[in-house]
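**Student:** What shape does this take:
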Amino acid sequence: MMTRIDLYSFITIVTIVTLAVTSLSIWYWSGRRPSKDNY
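**Tutor:** Numbers count the residues shown, from 1 in each chain. Next comes the predicted model:
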């Protein structure tokens, strides 16, 4: 069984990884496909 600390650590790691992947994906697509025409 997982303790509270293990559960919180797991959730924290998953959240950080998800945010990191999302940020990298947005940065990658923004760099690959610049949408300066929209501005």
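**Student:** Report how many residues lie close to Ser23.
**Tutor:** The burial count assigned to Ser23 is 10, neighbours taken as other C-beta atoms under 10 Å. Using the backbone N, CA and C atoms, a C-beta is placed for each residue, glycine as well.
**Student:** Let me fix that, I meant to ask about Asp6.
**Tutor:** 10.
**Student:** Now name the helix or strand holding it.
**Tutor:** helix 4-32 (DSSP states H and E).
**Student:** So for that helix, mean pLDDT?
**Tutor:** For helix 4-32, the mean per-residue pLDDT is 93.
**Student:** And that helix, how far out from the chain middle?
**Tutor:** 3 Å (C-alpha atoms, centre = their mean, to the nearest Å).
**Student:** helices and strands around that helix, which ones?
**Tutor:** Packing contacts for helix 4-32, counted by 3 or more C-beta pairs under 8 Å, 6 or more residues apart in numbering; DSSP states H and E, involve no helix or strand.
**Student:** Give the buried residues for that helix.
**Tutor:** Buried residues in helix 4-32, defined by neighbour count with 16 or more other C-beta atoms under 10 Å: none.
**Student:** Spatially central residue for the chain, please.
**Tutor:** Leu19 (1.8 Å; C-alpha atoms, centre = their mean).
**Student:** so how far is Leu7 from that one?
**Tutor:** Distance from Leu19 to Leu7, counting by C-beta to C-beta, to the nearest Å: 19 Å.
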